[in-house]
Every structure is written in C-alpha cells, then in structure tokens.
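Q: Please find the sequence and the predicted model below.
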Amino acid sequence: MNGIGRFETIRAGGLAFEVLTAGEGDRLALCLHGFPEHALSWRLQIEPLVALGYRVWAPNQRGYGETTRPPRVEDYDVARLIEDVAALIDASGARTVTLIGHDWGAAVAWLFAIRRLRPLERLVIMNVPHPALMSRRLRDSWRQRARSWYMGFFQLPWLPERLLGRDHARAIGDIFRTTSSDPSRFDDAIVAVYRDQASRPGALSAMLNWYRAAPRGMVAQLKLGLPVIEVPTLMIWGEDDRALGKETTYGTERYVKDLRLNYLPGVSHWVQQDAPERVNELLLRFLGESLPSKA
C-alpha cells in the first residue's frame, strides 16, 4: 500500500531502523509513531511535508516492523528511546530538525526536547500530555487512572501477548476500528499492516516492553527535572480520546515557552489518521512560520 516513499534500513546507535523516507534536502521532519502503530501511521502527512520542502523520515521505532528488536524489558527504557532519536538525527546529517510525535512517539518527543539531546527547530505533539501533567493526573485523578487501566494490564507477563496476538492479532486491528472517530480511515490495507507487524515473532513483547519499562524509566526522568521547553511547539489534541482526557493538557503552557494548542472536537486519539485534513492544515501553517522567506 506504500506509494508515498520508500523503506530504507538506517543504521544508527547500534540498531538497524526500518525508515520510511521521502523527499530530500537538509531540513528533516522526523515522525515518531505510537502503539500499536507503524511508520505508515504518517502516510497522510508525508506528501504535504515533502511539498513544504522537508525530507521526511518516519522510522519504525525499536521493536516495531523490521527495526531491531532487543530482547530485554530494560532495552525499552525511555532513556534509550530518546537516544535512538539522537542517533537517527546524527545519521540523517540534517541541518535542521522538526520532531513530530504521536502517542508513545509524542512521549519520546517530549522528553527529547526536554533533555535537549540535539537542537530542534520545531516540535509537534499529538495526543499525549507533557510528562509532568501525565504523572500528576495518574497520581491525582481516579478518572484518568481508570482510563489508563491497560497500562497496568500490560505489566503482566505473557497474557497481554496471548490475548492481543490471537487470530493473527485481530485485537490490534480492532483497537483502531472500535476507538476511531472515523473507522473508514482504517481500511483493510492499513489494518493488515498493523496486524502483520504485531504477528511477527517477538513483536508484541517488544511493543509491550515500552510499557513495562515505563514506570521505572519515567520516574527516573522526573527526578532529573523537567526544564521549560524553549522550542516552538504545536500540540494537536483529538478531544474524543478514550484513553487520555483533555484535562491532561491543562497547564501545558507552564512547561513550554512558545505553545500553540489546538483541540479537535469529534476526533479520536488517532488524530492524524482520523482527521488528516485538519491536522495537516494546522501542521503546515505552524511549520510554514519557520520557512525562509522568499524574495
């Protein structure tokens, strides 16, 4: 189903990343997917980004697709995940970098910007709150803890893999179609991509190990402190997110110096796939501000 770029193997930081690439030049848009997604979750953003003048890399992050699948839970600590981003940026040789993340990819993008591992020109976050606000809501809000029940379930050994992997990972496809605000966006071809990758040997364990490593890794990150992000940041939030309440975004401006926050009513957690027209309009307008003016 891919006619929007080509998959390449990029060796970075000791791993082999399967990266969907498109466009050319030294202005990189690095797009980070979430769970249980794939690089093709950015299929509807790649062409507009290329048209704006970006070289686009959408990697399958560690454990996903054909990217290296380290075996241990600790291999998926968030400190390693943000190091992956730095390694990919170094491998790209890009002059400027815009980092775009959704779901787990957004969590990684937040921390990458906070830790300032490499300079960023722009940061785009979709449907994941700032780590300080997520931590506070999980601690103080019974409603958010109830919405996040699956995070606890994913800590169990083998059982999540067994349930999610049955019938060629049918449950993975169902996640998208039953929680999307526009299931027609998830046609058989893209659902097959998600199910196929989850059905590969060891894939579901790798994908779930992001969650299993998260409690210890996130506590460590919080202890390091969360300095204000200086990078201009766009946050796009689908209001019909069943897992993360809109209230988890309240107060984001305290942690980001230059924030644009846009809520999309009637749009689910899968915001860039459910509402690509609205997302792309916001994205291109924001990124266009950083383009060099033409004489």
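A: Perfect, thanks for sending it.
Q: how about the strands in this protein?
A: According to DSSP state E, the chain carries its strands in the segments 6-12, 15-22, 27-32, 55-59, 96-102, 122-126, 233-238, 259-264.
Q: I'd like those laid out as TSV, including distance to residue 141 and mean pLDDT.
A: Yep, even glycine has a C-beta here, placed from its N, CA and C like the rest. Shown next, in TSV, are those (distance: least, Cβ to Cβ, whole Å; pLDDT from 0 to 100):
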stretch	distance to residue 141	mean pLDDT
strand 6-12	38	98
strand 15-22	36	98
strand 27-32	26	98
strand 55-59	33	98
strand 96-102	22	98
strand 122-126	20	98
strand 233-238	17	98
strand 259-264	19	98
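Q: Looking at these, which is nearest to residue 280?
A: strand 233-238 (10.2 Å; Cβ to Cβ).
Q: ok, the closest one: who's next to it in the sheet?
A: Strand 233-238 has the following sheet partners, assigned by DSSP bridges: strand 122-126 (parallel), strand 259-264 (parallel).
Q: Contacts for the shortest one next, please.
A: The list of residues contacting strand 122-126 from outside it, by Cβ atoms under 8 Å, 6 or more residues apart in numbering, reads 98-103, 106, 109-110, 113, 229, 231-238, 271-272, 279, 283, 286-287, 290.
Q: Among those, name the buried ones.
A: Buried by 16 or more other Cβ atoms under 10 Å: 98-103, 106, 109-110, 113, 229, 231-238, 271-272, 279, 283, 286-287, out of the contacts of strand 122-126.
Q: now the helices: where do they sit in the stretch 51-200 of the chain?
A: Secondary structure of the stretch 51-200 of the chain by DSSP state H, counting those that start in this stretch: the helices cover 78-92, 104-115, 131-140, 142-147, 149-153, 159-179, 188-198.
Q: Out of these, which gets nearest to residue 7?
A: Taking Cβ to Cβ, helix 188-198 is the member of the helices of the stretch 51-200 of the chain nearest to residue 7, at 11.8 Å.
Q: related to what we said a few turns ago, could the strands paired with strand 233-238 be laid out in a markdown table, adding mean neighbour count?
A: Listed next are these as a markdown table, based on neighbours: other Cβ atoms under 10 Å:
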| stretch | mean neighbour count |
| --- | --- |
| strand 122-126 | 25 |
| strand 259-264 | 16 |
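Q: Kindly present the ones you listed as CSV, with separate columns for distance to residue 177.
A: Shown next, in CSV, are the strands paired with strand 233-238 (distance: least, Cβ to Cβ, whole Å):
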stretch, distance to residue 177
strand 122-126, 19
strand 259-264, 19
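Q: do you know which of the ones you listed lies nearest residue 71?
A: Comparing these by Cβ to Cβ, strand 122-126 comes nearest, at 29.8 Å.
Q: What separation is there between residue 80 and residue 71?
A: Distance, residue 80 to residue 71, using Cβ to Cβ, to the nearest Å: 13 Å.
Q: Those two: who's more crowded?
A: Taking neighbours as other Cβ atoms under 10 Å, residue 80 and residue 71 compare with residue 80 leading, 16 against 10.
Q: Now for that one: which residues touch it?
A: Shown in contact with residue 80 (Cβ under 8 Å, 6+ apart): residue 62.
Q: Equivalent analysis for residue 227, please.
A: With contacts defined as Cβ under 8 Å, 6+ apart, the neighbours of residue 227 are residue 114.
Q: among the helices of the stretch 51-200 of the chain, which is the most enclosed?
A: Mean neighbours per residue, mean count of other Cβ atoms under 10 Å, is largest over these for helix 104-115, with a mean of 25.
Q: one step back: quick one: closest of the strands paired with strand 233-238 to residue 244.
A: That would be strand 122-126 among the strands paired with strand 233-238, by Cβ to Cβ, at 11.0 Å.
Q: Please work out the angle formed by the directions of the closest one and helix 104-115.
A: Per axes from the mean of the first three to the mean of the last three Cα atoms, to 10 degrees, the angle that strand 122-126 makes with helix 104-115 is 140 degrees.
Q: Model confidence for the residue positioned nearest the centre of the chain, exactly?
A: The residue lying closest to the centre of the chain (Cα atoms, centre = their mean) is residue 105, at 2.1 Å. pLDDT recorded at residue 105 is 98.
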